[in-house]
Each structure stands twice: as structure tokens, then as C-alpha cells.
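**Student:** sequence plus predicted model, see below.
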Amino acid sequence: MDRDFEITHRPELLVLLLGTNVGDRAKNLLLAMDGLKALFGEPVEMSSVYETPPWGKTDQDSFLNMALVYSTNIKPTVVLDSILHLEVELGRVRQEKWGPRIIDIDIIFYGNMVYQSDILEIPHPFMHERKFVLEPLQEIVPDYVHPLLEKSVSQLLADLASLQNES
């Protein structure tokens with residue numbers, strides 16, 4: 001493959017969220033981080049691990065979630081292909097939407113890019129609705145501004161908290 005199609009001309013911050021609720025969850029995160037290190041190098045930032053209730057489909061075990069930030073010049077579509085391949089290597093089988101999973105790796109942000117295709121949407125389309133995404137991000141990139149909503153991660157988390165308090 002021609003490298004011009006795989007890389008960008010300048011590095012961007014790639015923000016990922018990892019989640020797992022099947023098997024040895026802590027080990028799943030470690031294996032995913034090892035695989036991501038092989039793909040993107042050492043993370044620039046890494047959140048704590050958060051235990052969170054399931055979202056969307058609530059009749060399953062709780063998740064362990066964490067966020068990682070990398071500096072990369074690998075194009076987002078190549079990043080996605082690499083992540084999907086890593087998920088399969090780690091045993092991920094996609095059976096049902098929001099169902100149990102051994103590992104899930106989502107692209108949350110890629111610099112200030114706004115991108116939409118049939119297979120990838122950046123920024124992640126539901127990240128601002130999910131506390132399990134915003135809390136780890138708040139820890140490591142609180143001032144990162146959502147390029148469409150034009151609000152920082154801290155503001156998005158505060159907005160979500162106030163919405164949940166109103167319910």
C-alpha cells in the first residue's frame with residue numbers, strides 16, 4: 001500500500017476509549033493496551049480504570065473503561081482497521097448491539113477532525129451522552145473541545161450531570 005494513503009502530514013491526538021465486561025476484564029485491558037502500544041507507541045495520556053454499569057443493554061455485567069491518548073499521523077480509517085483487527089485478535093465477536101464484549105475500542109476524537117462515513121464517525125456520535133466516556137476523558141483531557149458541539153469535555157460532563165439530575 002502507498003504510504004501517502006496511510007499517513008497524515010502532521011501528528012494528531014487520537015483519543016480512544018476501551019471497555020470490557022467479559023472474562024478477566026483487567027487482563028483484557030492490559031492486552032488491549034499492549035496491542036495498541038504495538039500499533040501507536042506509548043500513550044501520551046492514560047486515565048484510571050473506571051467500573052461502570054452497562055449502557056443501552058442493562059442486563060449484563062458491569063464494564064471496566066479507560067481512555068488513552070496517542071500522538072499519531074496514521075489516518076483515521078487505517079486506525080479503525082487496525083483497531084478492529086486488534087479486537088478480533090483479542091477475541092471480540094460482534095453478536096448484538098451494546099451486548100457483552102471481551103474488548104471494545106472506540107475512536108472518540110482524532111484531533112479536531114469531523115469525519116463521517118458508513119463505517120466511522122469522528123467525533124464519536126454518542127460520546128457526549130455517556131458518562132462512562134466523559135469521566136475518563138475528564139481525567140486526562142478536560143479542556144479538549146468537541147469540534148461540533150464546541151464544548152470542552154468538562155462542559156459536556158457538567159451538561160450530562162445536570163440533565164441526569166433533572167430526570
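**Tutor:** Alright, I've got the coordinates.
**Student:** which stretches of this protein form strands?
**Tutor:** All strands of the chain, identified by DSSP state E, fall at 7-20, 45-46, 50-52, 63-74, 104-110, 115-116, 121-122.
**Student:** want to throw these into JSON lines with mean pLDDT, distance to residue 159 and mean neighbour count?
**Tutor:** Bear in mind the C-beta positions are built from the backbone N, C-alpha and C, glycine included. Formatted as JSON lines, the strands of the chain follow (pLDDT from 0 to 100; distance: least, C-beta to C-beta, whole Å; neighbours: other C-beta atoms under 10 Å):
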{"stretch": "strand 7-20", "mean pLDDT": "87", "distance to residue 159": "18", "mean neighbour count": "19"}
{"stretch": "strand 45-46", "mean pLDDT": "96", "distance to residue 159": "23", "mean neighbour count": "16"}
{"stretch": "strand 50-52", "mean pLDDT": "93", "distance to residue 159": "18", "mean neighbour count": "16"}
{"stretch": "strand 63-74", "mean pLDDT": "95", "distance to residue 159": "18", "mean neighbour count": "21"}
{"stretch": "strand 104-110", "mean pLDDT": "95", "distance to residue 159": "17", "mean neighbour count": "22"}
{"stretch": "strand 115-116", "mean pLDDT": "90", "distance to residue 159": "23", "mean neighbour count": "11"}
{"stretch": "strand 121-122", "mean pLDDT": "93", "distance to residue 159": "20", "mean neighbour count": "18"}
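**Student:** using a markdown table, lay out the ones you listed together with distance to residue 162.
**Tutor:** As requested, the strands of the chain are exported to a markdown table (distance: least, C-beta to C-beta, whole Å):
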| stretch | distance to residue 162 |
| --- | --- |
| strand 7-20 | 22 |
| strand 45-46 | 26 |
| strand 50-52 | 19 |
| strand 63-74 | 22 |
| strand 104-110 | 21 |
| strand 115-116 | 28 |
| strand 121-122 | 25 |
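**Student:** of all those, which lies closest to residue 38?
**Tutor:** Ranking those by proximity to residue 38 (C-beta to C-beta) places strand 63-74 first, at 11.9 Å.
**Student:** dump the residue contacts of residue 142.
**Tutor:** Residues in contact with residue 142 (C-beta atoms under 8 Å, 6 or more residues apart in numbering) are 152-154.
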